[in-house]
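Q: Pasting the sequence and the predicted model now:
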Amino acid sequence: NAGVTQTPKFRVLKTGQSMTLLCAQDMNHEYMYWYRQDPGMGLRLIHYSVGEGTTAKGEVPDGYNVSRLKKQNFLLGLESAAPSQTSVYFCASSDQRRGGWGNQPQHFGDGTRLSIL
Amino acid sequence: GEDVEQSLFLSVREGDSSVINCTYTDSSSTYLYWYKQEPGAGLQLLTYIFSNMDMKQDQRLTVLLNKKDKHLSLRIADTQTGDSAIYFCAENRGNSGGYQKVTFGTGTKLQVIP
């Protein structure tokens, strides 16, 4: 059981280039999330999805787009990379807690380390 | 405030107990989590506590919740070098249209000295 898989693990881009980060989960979770992690700032939510075909903005969405065409995949796109987007990107997924209040904890991938020169 | 607050760094000797503290923001938060992040890896759920509890014990881990002060702590007994990592607390502010708003703290880096 792979859980949450992120590809690629590392990438170096030049300013202005575009790229897509892929997240795949095999737990049949409804909810998926993209975060960025920067030193001293914890995790900040970029975009999230509450189900196939849906996406929504998080805390820091500017400069990113997402798509959830299939339930198991959540893609994060950088349209025109900027040095400020140098970060570690984490994908997570979770499911709705059955018959109770609140949700299941989030399961995380191992991250994508992205450097923009 | 809006931030979940943690101290940035904690250093303990191997075999001692570690206590990592967190102050969260929303008194109506339903679940509070502790995650562990080892170098080069993602966050792994360590334990969580529901808001109607004030303590939860799981082997070497003890979570204490003070709802009045919105204070959460994680105690690791008999700390080992393998416990060296960054520890994040997070609060789940419950359902809002089916989406769980989870806010993470900035993380506490635990250094265990042999």
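A: Yep, it's here. Numbering: from 1, shown residues only, chains lettered A, B, ... in the order given.
Q: low-scoring pLDDT stretches of chain B, where are they?
A: For chain B, the stretches flagged by pLDDT under 70 are B:1-2, B:94-100.
Q: Would you map the strands across it?
A: Remark: strands assigned in chain B by DSSP state E are B:5-6, B:9-13, B:18-23, B:31-37, B:43-50, B:55-58, B:61-66, B:71-76, B:85-96, B:99-104, B:108-113.
Q: What residues of the fifth one count as buried?
A: For strand B:43-50, the buried set under the neighbour-count rule, 16 or more other Cβ atoms under 10 Å in any protein chain shown, comprises B:43, B:46-49. C-beta: built from backbone N, CA, C; applies to glycine.
Q: and chain A, which of the residues you listed contact it?
A: Taking Cβ under 8 Å from any Cβ of the partner chain as the test, chain A is in contact with B:43, B:48 out of the buried residues of strand B:43-50.
Q: which among the buried residues of strand B:43-50 gets closest to chain A?
A: Nearest to chain A among the buried residues of strand B:43-50: residue B:43, at 4.4 Å, using Cβ to the nearest Cβ.
Q: which parts of chain A sit against chain B?
A: Counting by Cβ under 8 Å from any Cβ, the residues of chain A that sit close to chain B are A:4, A:31, A:40-43, A:48, A:50, A:56, A:90, A:92, A:94, A:96, A:101-103, A:105-111.
Q: Which of the residues you listed are buried, as a ChimeraX select command?
A: Of the residues of chain A next to chain B, the buried ones can be selected in ChimeraX as follows, counting by 16+ other Cβ under 10 Å:
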select /A:4,31,42,43,48,50,90,92,94,96,102,103,105,106,107,108,109,110,111
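Q: Which ones among the residues of chain A next to chain B lie within strands?
A: For the residues of chain A next to chain B, membership in strands holds for A:4, A:31, A:43, A:48, A:56, A:90, A:92, A:94, A:107-108, with DSSP E as the criterion.
Q: Can you give me the end-to-end span of stretch B:26-44?
A: Start and end residues of stretch B:26-44 are separated by 23 Å (Cα to Cα, to the nearest Å).
Q: how long is stretch A:50-67 from one end to the other?
A: Stretch A:50-67 has an end-to-end distance of 12 Å (Cα to Cα).
Q: Residues contacting it, please?
A: A:30-31, A:33-34, A:36, A:44-49, A:68-71, A:74-80, A:82, A:84-85, B:97-99 (Cβ atoms under 8 Å, 6 or more residues apart in numbering or on different chains).
Q: And stretch B:33-52, by the same measure?
A: A:4, A:43, A:90, A:92, A:102, A:105-111, B:20, B:28-32, B:55-56, B:58, B:61, B:63, B:65, B:67, B:72, B:74, B:85-92, B:102, B:104, B:107.
Q: With stretch A:14-27 instead?
A: So stretch A:14-27 is contacted by A:1-8, A:11, A:13, A:32, A:34, A:72-83, A:89, A:91, A:93, A:95, A:107, A:109, A:112, A:114, A:116-117 (Cβ under 8 Å, 6+ apart).
Q: check contacts around the residue nearest in space to the middle of chain A.
A: In chain A, the centroid-proximal residue (Cα atoms, centre = their mean) is residue A:34; its distance is 2.3 Å. By Cβ under 8 Å, 6+ apart, residue A:34 lies in contact with A:21, A:23, A:45-48, A:58, A:64, A:66, A:74, A:76, A:89-91.
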